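J.: let me see the structure of the following:
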Amino acid sequence: MPLAGYQFDTETALQLVALAAAILSYLAYRRRARALAEHGRPVPEWREWCFIAGLILLLAVLSPPADSWSDKLFAAHMAQHLVIGDFAALLLVLGMNGPMMQPILHIKVIDRLRFLTNPIPAVTVWAINFYTWHLPFMYKAAYENDLIHALQHLSFLVFGAIMWMPLFGPLPKPAWFNSFAKLGYIITVRLLGTLLANVFIWSGTVFYTFYAGGEGRAGVSPLTDQSIAGAVMMLEESILTIFLFGWLFMRAAAESEEKQELLDWAHSRGIELTPRRAGRAVAAGRGAELRERLERDAGARSRAPGAARLPAGSAAAASAGSARSES
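T.: Below is the predicted model:
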C-alpha cells in the first residue's frame, strides 16, 4: 500500500476513534448525571453544557478542514493545539464536579495520580509536556507519524486539564492556595506560554522546516508562518489572562461573601464552624454541601437519646470564640 494512502487511512481511523471516544464520554457523563439526579444531587445544567461544548470543540479541531490546515501551516497547527490544551480542556474541567468525578477517582491508578492536580505539580507537569512537544525532533516525530501525533494531542488535552484543575476543578485545594496564590498561578502559566511565543516571534530561526510545502502553496515564508504562530499564541495568552484576572476578582469577592454568610448561618444556629473550614469549603465550591452536612449532623445530635445539649447561646459563644482564635 502506498505510504500516502496508509497515512490517510490512519488519520481517518484516528478521527473515527476520536468521534467514538467523544460519544462514549458523553453517554457515560449523561448516565452518571441521571444517577445523581435520581439521588437528589443533580449536576448543574451549565456544567453539562460545558462538557458538551468541550467535546464538540475537540471534534471540530480534529476534523477537516481544521485538521487539514494544521498539516500545512505551523500557525494553524499552533491554533489547533491551543484550542485543545486550553479551551477544550477548560470546558471539560468546568463540566465536572465532585459527585461526577467519584467513579473516575475510584480507579486506583487515577486516584494515586490525583496529587498532580495540586498547583505546584500541575504547573510543573504541564510545562514539561508543553515544552517537550515543541522540541524540533519531538514536533517532527508527531508531524510525520499519525499515532505519535494523536498521542501529542491527547497529552495536550490531559495535561491541559491538569493545569486547569487547581483553578476550576472540584478536588480539595491546599489551604495556602488562596486568591493571591491563584493570581500567581495564573501569571506563572501564562508567562511560560508567552516565553515560547516570544521565541517563535523574535528568534529569526525556522525551527520546523517540514511545513515548507504548505507554506509555499499558501504564499507564506517559513519565518513569517512561525512568527504568526507565535503571535497567535501571544494573543491567545493575553486574552485568556484578562478573562482569568476578571474571573479571579469576581470569584474572590463572591467567596468572601459566601464564607461570611456561612459563618453567620452557623453562628445563628449555635453550630461550631471555624473560618478556615468555611473558607476551604467555599474555595472548593462546596459551601452548600458543608451547610447541609452541618445541619444534618446537628439534627442527628439533637435527636440522639440522652445527648448532652448546650444552650444555643453557649454553643454560639463557643463557635464565636473558636472563630476568633483562628482569625
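J.: only C-alpha atoms for contact and neighbour calcs from this point on.
T.: Will do.
J.: what domains does the record give for the protein?
T.: 3-257, 269-326 (automatic domain parsing).
J.: what is the mean pLDDT for stretch 36-44?
T.: For stretch 36-44, the mean pLDDT works out to 92.
J.: in it, what's buried?
T.: Residues of stretch 36-44 classed as buried: Val43 (neighbour count, 16 or more other CA atoms under 10 Å).
J.: over to stretch 94-105?
T.: Buried, per 16+ other CA under 10 Å, within stretch 94-105: 94-98, 100.
J.: same question, stretch 191-210
T.: Neighbour-count burial for stretch 191-210 [16+ other CA under 10 Å]: 191, 193-194, 196-197, 200-201, 206-208, 210.
J.: is it correct that Val125 is in contact with Val158?
T.: No: the criterion here is CA atoms under 8 Å, and Val125 misses it with Val158 at 10.5 Å.
J.: next, Gly204: secondary structure please.
T.: The three-state assignment at Gly204 reads coil, by DSSP: H, G, I helix; E, B strand; the rest coil.
J.: quick check, pLDDT for it.
T.: At Gly204, pLDDT is 91.
J.: gap between it and Lys140?
T.: According to CA to CA, to the nearest Å, Gly204 and Lys140 sit 19 Å apart.
J.: who touches stretch 109-126?
T.: 104-105, 159-160, 162-163, 165-166, 171, 173-174, 177, 185, 189 (CA atoms under 8 Å, 6 or more residues apart in numbering).
J.: scan those and report the most crowded one.
T.: Met163 (32 neighbours; other CA atoms under 10 Å).
J.: who does the helix or strand hosting that one touch, helix- and strand-wise?
T.: Per DSSP states H and E: Met163 is located in helix 146-168. Judged by 3 or more CA pairs under 8 Å, 6 or more residues apart in numbering; DSSP states H and E, helix 146-168 is in contact with helix 3-38, helix 89-94, helix 119-133, helix 136-144.
J.: let me know the angle separating the longest one from helix 146-168.
T.: The reference is to helix 3-38. 30 degrees (axes from the mean of the first three to the mean of the last three CA atoms, to 10 degrees).
J.: any idea which helix or strand comes after helix 3-38?
T.: Heading C-terminal from helix 3-38 (DSSP H and E), you reach helix 45-61.
J.: buried ones in that next one?
T.: Those would be 47-48, 50-55, 57-59, 61, for helix 45-61 by 16+ other CA under 10 Å.
J.: cool, and stretch 229-248?
T.: 229-234, 236-237, 240-241, 244, 248.
J.: for the nearest residue to Trp49 once chain neighbours are set aside, give me its contacts.
T.: Leaving aside its sequence neighbours, Trp49 sits nearest to Gly95 (CA to CA, 6 or more residues apart in numbering; 7.3 Å). With contact taken as CA under 8 Å, 6+ apart, Gly95 is in contact with 46-51.
J.: same question, Ala212
T.: 221-222.
J.: longest helix in this protein, by number of residues?
T.: helix 222-268 (DSSP state H).
J.: which secondary structure elements does that one sit against?
T.: Looks like helix 222-268 contacts helix 74-82, helix 179-202, helix 212-218, helix 275-283, helix 287-303, helix 312-326 (3+ CA pairs under 8 Å, 6+ apart).
J.: C-alpha coordinates for the fifth one, CSV please?
T.: This means helix 287-303. Output in CSV follows, covering the C-alpha atoms of helix 287-303 (Å, rounded to 0.1, in the frame of the first residue of the first chain):
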residue,chain,number,x,y,z
GLY,A,287,-20.1,25.7,50.7
ALA,A,288,-23.7,24.4,50.2
GLU,A,289,-22.6,20.8,50.8
LEU,A,290,-20.9,21.8,54.1
ARG,A,291,-24.0,23.7,55.2
GLU,A,292,-26.2,20.6,54.5
ARG,A,293,-23.8,18.3,56.3
LEU,A,294,-23.6,20.6,59.4
GLU,A,295,-27.3,20.9,59.5
ARG,A,296,-27.8,17.2,59.2
ASP,A,297,-25.2,16.4,61.9
ALA,A,298,-26.7,19.0,64.2
GLY,A,299,-30.2,17.4,63.7
ALA,A,300,-28.8,14.0,64.4
ARG,A,301,-27.2,15.1,67.6
SER,A,302,-30.4,16.8,68.8
ARG,A,303,-32.4,13.7,68.2
